[in-house]
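Undergrad: Sequence and predicted structure, then a few things I'm wondering about:
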Protein chains: 2
Amino acid sequence: MVDPTPFLDALARAGLRLTAPRRALAQLIADQAGHFSAADLVAESQARSLGIGRATIFRTLDALSGLGVVERIDLPSGEHAYVGCAPTHHHHVVCSRCGRTAQIDDAGLRTVVREVAQRTGYRVDEHKLELFGLCPACLPAAPFPLQRPA
Amino acid sequence: MVDPTPFLDALARAGLRLTAPRRALAQLIADQAGHFSAADLVAESQARSLGIGRATIFRTLDALSGLGVVERIDLPSGEHAYVGCAPTHHHHVVCSRCGRTAQIDDAGLRTVVREVAQRTGYRVDEHKLELFGLCPACLPAAPFPLQRPA
DNA sequence: GCCATACTGAGACTCAGTCGCATCACGCCC
DNA sequence: GGGCGTGATGCGACTGAGTCTCAGTATGGC
């Protein structure tokens, strides 16, 4: 993604202002190839001399993730990262080498959730599935799994 | 769980020493009804005047999670928490009200993972599924979903 | 019982994320 | 086009989780 308009559209549709820092950040996020952290954006904005405050970056990420156009993911390392995405219910496969992500829809998870609910007696209100591995581009370079296969 | 021996066994089997702080922490963790944070253990150990340092608590949690008898989960709020569990591949359903967790095995997720791999072309090496909702005990008290149903 | 060494507590440190506040500028309205 | 209310901003101080270092301690193999 290199086009920042989805982010700006989402802000506008939510009645939020399209300020210069937000436009710049939308572009910055759109330019990210894979997942990125708040710190990445801070560094990048400093590198490009955008003059955007740290707090503003966190606030904007917060706003965008509230709108569903940016999602926060928890990497296996325990770090937090963000990815730009469509505001629909979905999950991510994350490449552990290049950080690129692919969006996936339900993919049969609904059945799993229903089964878990039946077995445990819990009412499941929310779920989070994250998959980690290697993207097609990185696969040839690393023929052996880095972690236990899932 | 009120019996700390699984934690101690795991430490011993890994060739780690069974020190007084580790025994005390194993008991503390065994006493937890639901999920707990490192900060909870710090507070509890201060309350019980166990004299265990913060660093030791983090180190012990690290060791136990490395052995698979304690697992780190990411709550929807973004906080980290830990749960005691069996050292086998599994996932958790977490009660958003009382924090109690239930352990679930594959439950058909293997099929989902295989399908995702096929659709995206990624090789999936690792996955993480977390489910949040209400446990059977808390269900009667809260008839309506707090979050969007999954 | 001895001893190598794994483990410990204390406290300083780092780093992500938050908060308060004075100032700025977006965008609605005239 | 200009005025104005208010949402957004930057700054910098703050918080809290987690890490690191280091000297001292105690475990458990012999």
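TA: Received it, and whenever you're ready, just let me know what you need. Numbering: from 1, shown residues only, chains lettered A, B, ... in the order given.
Undergrad: separation between the residue sitting nearest the centre point of chain A and B:A81?
TA: Centrality entry for chain A: nearest residue to the mean C-alpha point is A:V83, 2.2 Å, by Cα atoms, centre = their mean. Using Cβ to Cβ, to the nearest Å, A:V83 is found at 23 Å from B:A81. (Glycine included, C-beta is placed from N, CA and C.)
Undergrad: Whether the longest helix seen in chain A contacts DNA strand D - can you check?
TA: As assigned by DSSP state H, the longest helix anywhere in chain A is helix A:54-67. Yes: using Cβ under 7 Å from any atom of the strand, helix A:54-67 reaches DNA strand D at A:54-56, A:59-60.
Undergrad: what would the residues you listed look like in JSON lines with pLDDT?
TA: JSON lines is the format used below for these (pLDDT from 0 to 100):
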{"residue": "A:R54", "pLDDT": "97"}
{"residue": "A:A55", "pLDDT": "98"}
{"residue": "A:T56", "pLDDT": "98"}
{"residue": "A:R59", "pLDDT": "98"}
{"residue": "A:T60", "pLDDT": "98"}
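Undergrad: how about the spatially closest residue to A:R22 that is not a sequence neighbour, what does it touch?
TA: Spatial nearest neighbour of A:R22, chain neighbours left out: A:T60 (5.8 Å); criterion: Cβ to Cβ, 6 or more residues apart in numbering or on different chains. Contacts of A:T60 were listed using Cβ atoms under 8 Å, 6 or more residues apart in numbering or on different chains, and they are A:21-22, A:25.
Undergrad: let's see 10 Å
TA: With contact set as Cβ atoms under 10 Å, 6 or more residues apart in numbering or on different chains, A:T60 has these partners: A:7, A:11, A:16, A:19, A:21-22, A:24-26, A:28-29, A:38, A:41, A:52, A:70.
Undergrad: Sort out for me which of those residues are in helices.
TA: Per DSSP H, the subset of these in helices is A:7, A:11, A:21-22, A:24-26, A:28-29, A:38, A:41.
Undergrad: Any chance of a markdown table for those, columns neighbour count, distance to DNA strand D and pLDDT?
TA: Listed next are the ones in helices among the contacts of A:T60 as a markdown table, based on neighbours: other Cβ atoms under 10 Å in any protein chain shown; distance: Cβ to the nearest atom of the strand, whole Å; pLDDT from 0 to 100:
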| residue | neighbour count | distance to DNA strand D | pLDDT |
| --- | --- | --- | --- |
| A:F7 | 26 | 12 | 97 |
| A:L11 | 21 | 8 | 97 |
| A:P21 | 16 | 4 | 97 |
| A:R22 | 21 | 4 | 97 |
| A:A24 | 18 | 8 | 97 |
| A:L25 | 25 | 8 | 98 |
| A:A26 | 25 | 10 | 98 |
| A:L28 | 21 | 12 | 97 |
| A:I29 | 24 | 13 | 97 |
| A:A38 | 17 | 13 | 97 |
| A:L41 | 23 | 11 | 97 |
